[in-house]
Each structure stands twice: as C-alpha cells, then as structure tokens.
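Undergrad: sequence and computational prediction follow.
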Amino acid sequence: MTGWLVTLGCLLSAAIWAMVGLYKITHSARMIEVIRARSIPFPAVALWLSVAVELGGAVLMAIQLQIWVAALAWIAFLIVATPIFHGRILVDGVIDYPQFVQVGKNLSILGGLLLVLAIDGTVPAWLGALPAGSQ
C-alpha cells in the first residue's frame, strides 16, 4: 500500500495507540490499579504487555512496516479489552453514555483494522485476507 492517503491513515491510526501507550507509561501506578480492579491476574505484566502492543503496533503502523502485524495485534487487544473495561454499558437500566461511546469507538477502530487486513497486500495467506485490490 502506497500513497499519501495510506501514510496519513497509518500515522493517524498509530497516533491513538501511541497516545494511550505513553499515557500508561506515565501513569503506570494508576493503570495497574485500574487493571487490578478488573481482577486481571498479574496486573503489572498485563499493563506492560498492553503497552508493548500499543506502542509496538504504533511504530510498525507509523513506519508502514508489517502493518498487518499491528492490525492483528490491535484487533486481538480490542476483542479482549473492550468487554473487560467498557462492557458495562447499562447501569441500573440506564445507558452509561461514556462507556457506550468507548464501545462504539472500539468497534469503529476494529472495523478500520479489518479493512487494513483486507487491503494490505502483505498479509500472509493463512489469515485468509484478500490480496489488495481483489473482490
């Protein structure tokens, strides 16, 4: 994939993941407590694994190197993290709007990442993605 739109898209996609990863680094003690509150085992390990996925993927996406790896890692991350951290949309029968927005945002990002897998011509055949430009 080439062109300025691809470059811009990759940079914008990388930006949110880099921002979140850097925030977690600078607020690691607080983030470990948030993870611990969700009863996730080994919260410090979980934090640093999530930072590695976020920042590692951001670097790959930003430099457009194996972007399918970043997309696949982020897809797996979203599938696991979204229900754990944002799954409580209804509270006492009322929509918790901030969580509702977070779920919607993550679904939108997930859709974009699936599109990346579908159009990236470097995706391995074992993923079952279509080669770039095919129908």
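TA: Good, I have the coordinates. Numbering: from 1, shown residues only.
Undergrad: number of nearby residues for Gly21?
TA: 20 (other CB atoms under 10 Å). C-beta here means a position set from N, CA and C on the backbone, and glycine is covered the same way.
Undergrad: shift numbering so it begins at 35
TA: Shifting the count to begin at 35 puts that one at Gly55.
Undergrad: what strand or helix carries it?
TA: Element membership for Gly55 (DSSP states H and E) is helix 38-60.
Undergrad: do Gly146 as well
TA: Going by DSSP H and E, Gly146 is part of helix 131-153.
Undergrad: the inter-axis angle of that helix versus helix 38-60?
TA: Angle, helix 131-153 to helix 38-60, by axes from the mean of the first three to the mean of the last three CA atoms, to 10 degrees: 130 degrees.
Undergrad: tell me which residues in helix 131-153 are buried?
TA: Gln133, Gln136, Val137, Asn140, Ile143, Leu144, Leu147, Val150, Leu151, Ile153 (16 or more other CB atoms under 10 Å).
Undergrad: want to throw these into a markdown table with pLDDT and distance to Ile59?
TA: Formatted as a markdown table, the buried residues of helix 131-153 follow (pLDDT from 0 to 100; distance: CB to CB, whole Å):
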| residue | pLDDT | distance to Ile59 |
| --- | --- | --- |
| Gln133 | 91 | 24 |
| Gln136 | 94 | 21 |
| Val137 | 94 | 25 |
| Asn140 | 96 | 21 |
| Ile143 | 96 | 21 |
| Leu144 | 96 | 24 |
| Leu147 | 95 | 23 |
| Val150 | 90 | 25 |
| Leu151 | 87 | 28 |
| Ile153 | 85 | 32 |
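Undergrad: just those now: which is nearest Leu45?
TA: Val150 (13.4 Å; CB to CB).
Undergrad: and the residue lying closest to the closest one once chain neighbours are set aside, what does it touch?
TA: Nearest residue to Val150, sequence neighbours excluded (CB to CB, 6 or more residues apart in numbering): Ala105, at 4.4 Å. Counting by CB atoms under 8 Å, 6 or more residues apart in numbering, Ala105 makes contact with Gly91, Met95, Leu147, Leu148, Val150, Leu151, Asp154.
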